[in-house]
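[1] Quick check, what structure comes out for this input:
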Amino acid sequence: MTTGGEQTAYGWVAGRRQRDFRCAAPPSGALAFHRQLPGYAVTPLTPLPRLAEELGLGAVYAKDESSRLGLPAFKGLGASWAVRRVVEEFGSTGPLTLATATDGNHGRAVARFARLEGHRAAVFVPRGVHPDAISAIRAEGADVTSLDGDYDDAVSAARQFADSAPDRVLVQDMAWEGYDRIPQWIVDGYDTLFAEIDDQLDGRQPDLVIVPTGVGSLLQAALTHYRHDTTGQRTAVVAVEPASAACVAASLTAGRAIAVATGLTTMAGLNCGTPSSLAWPLIAAGLDGAIAVDDAASAVAARDLESEGVAAGPCGAAPLAGLRALRADRDSAGPGDPLDLGPGSLVVVLVTEGAEANPQT
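    Below is the predicted model of the structure:
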């Protein structure tokens, strides 16, 4: 945990995965919906042979979300599906204002699809979000409110705004007691990403998928995909977080979902201090572990991905940084590789945003 912006890495924290754990399958519908959207295309699954050789692995692939539905991040998958469901349920009496909090990409996606559906958006951003990211949200037609607080403060402000008028609906990618249907729709939309990976691997099962994690909604989607039947049980799922906002690692250590204080990080989209209440039960029962990385490791990973033709922002590069941390001590007498990876292993790192998705000062 960190306070005051100091970065103190947790390193590897093992999960408490139950080998007989099964969850409900992802609902059908989102993939077919996405396929009919203008601009939909399957995003690349790019092989990284030089990095696989460096890490002593059979194959490493980057799922490259740097251009998804016309946006530079994966968030459009969840936002588009959730906005459609919200409009179908709440939009019959007139225009809506869809409210959300964001570190950048989610808010831009909600604003984009609200506009395309003929509705408005109000987006609340915490401190530390780059002005260019805020400008990109405004360019989608949203009203943006910048706060001198952290991500949890922005969520609270968006929630209060949405509750203050009947034509406002909160579209947040985080759940809490009494608010779970819309966050679940967002998670359901993310399953398209994993369905594409299945097709691209042509029947091969990953040994490990590394998921960059903020509140845990994408992580929840990964766990739902790989834990709902026997096929996905061989796939290890690992969360990677900023050292300054390692709420999943802290919660695994505590054995319950807890909030942590957050500092500033270049991995702005992961700078979240509280796990989603929908995600936590799957994390507690189905996650293999979490690893925290610092900004410097993410920056190195981003440069190395760029040399392989994958343009990654800091959040998108975090999984490679996490994979390197997992493999760093494999030839020493230290903790070594807790997942028993080796020369035959197939690993997928989720590059969830392009370099332009998260501008840096």
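
[2] what about the strands in the stretch 101-250 of the chain?
    120-125, 143-146, 168-170, 208-212, 236-242 (DSSP state E, counting those that start in this stretch).

[3] With distance to residue 291 as added columns, please give those in CSV.
    C-beta here means a position set from N, CA and C on the backbone, and glycine is covered the same way. Compiled in CSV, the strands of the stretch 101-250 of the chain are given as follows (distance: least, Cβ to Cβ, whole Å):
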stretch, distance to residue 291
strand 120-125, 27
strand 143-146, 31
strand 168-170, 31
strand 208-212, 8
strand 236-242, 5
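
[4] most tightly surrounded among the ones you listed?
    strand 236-242 (a mean of 29; mean count of other Cβ atoms under 10 Å).

[5] who does that one touch, helix- and strand-wise?
    The helices and strands touching strand 236-242, judged by 3 or more Cβ pairs under 8 Å, 6 or more residues apart in numbering; DSSP states H and E, are strand 208-212, helix 217-227, helix 247-254, strand 289-293, helix 314-327.

[6] Now render the strands of the stretch 101-250 of the chain as CSV, adding mean pLDDT.
    Listed next are those as CSV, based on pLDDT from 0 to 100:
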stretch, mean pLDDT
strand 120-125, 98
strand 143-146, 98
strand 168-170, 97
strand 208-212, 98
strand 236-242, 97
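
[7] Tell me which of those strands approaches residue 31 most closely.
    Distance to residue 31, taken as Cβ to Cβ, is lowest for strand 208-212 among the strands of the stretch 101-250 of the chain, at 18.1 Å.

[8] That closest one to strand 289-293, inter-axis angle?
    50 degrees (axes from the mean of the first three to the mean of the last three Cα atoms, to 10 degrees).

[9] one step back: switch the helices and strands packed on strand 236-242 over to JSON lines; also include distance to residue 144.
    Output for these, formatted as JSON lines (distance: least, Cβ to Cβ, whole Å):
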{"stretch": "strand 208-212", "distance to residue 144": "24"}
{"stretch": "helix 217-227", "distance to residue 144": "22"}
{"stretch": "helix 247-254", "distance to residue 144": "25"}
{"stretch": "strand 289-293", "distance to residue 144": "29"}
{"stretch": "helix 314-327", "distance to residue 144": "20"}
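
[10] between these, which gets nearest to residue 274?
    Using Cβ to Cβ, the nearest of these to residue 274 is helix 247-254, at 5.9 Å.

[11] Residue 28 is nearest to which of the helices and strands packed on strand 236-242?
    For the helices and strands packed on strand 236-242, the distance to residue 28 is smallest for helix 217-227, at 12.8 Å, taking Cβ to Cβ.

[12] follow-up on the earlier one: now for the strands of the stretch 101-250 of the chain, which one comes closest to residue 223?
    Nearest of these to residue 223, taken as Cβ to Cβ: strand 236-242 at 5.8 Å.

[13] Please confirm that residue 63 is located within a strand.
    Yes: counting by DSSP: H, G, I helix; E, B strand; the rest coil, residue 63 is found in a strand.

[14] Would you agree it is in contact with residue 192?
    No: counting by Cβ atoms under 8 Å, residue 192 is not a contact partner of residue 63; they are 11.5 Å apart.

[15] Looking at those two, which is more packed in?
    Counting neighbours by other Cβ atoms under 10 Å for residue 63 and for residue 192 shows that residue 192 has the greater number, 26 against 23.

[16] tell me the contacts of the more buried one?
    30, 31, 34, 77 (Cβ atoms under 8 Å, 6 or more residues apart in numbering).

[17] hmm, back to that, so for residue 299, which of the helices and strands packed on strand 236-242 sits nearest?
    Nearest to residue 299, of those and by Cβ to Cβ, is helix 314-327 at 7.0 Å.

[18] helix or strand right after the closest one?
    Remark: after helix 314-327, the chain's next helix or strand is strand 346-351, criterion DSSP states H and E.

[19] what comes into contact with stretch 148-165?
    For stretch 148-165, the external contacting residues (Cβ under 8 Å, 6+ apart) are 97, 99-103, 122-127, 145, 147, 168-170, 172, 174, 179, 214, 259, 262, 271-274.
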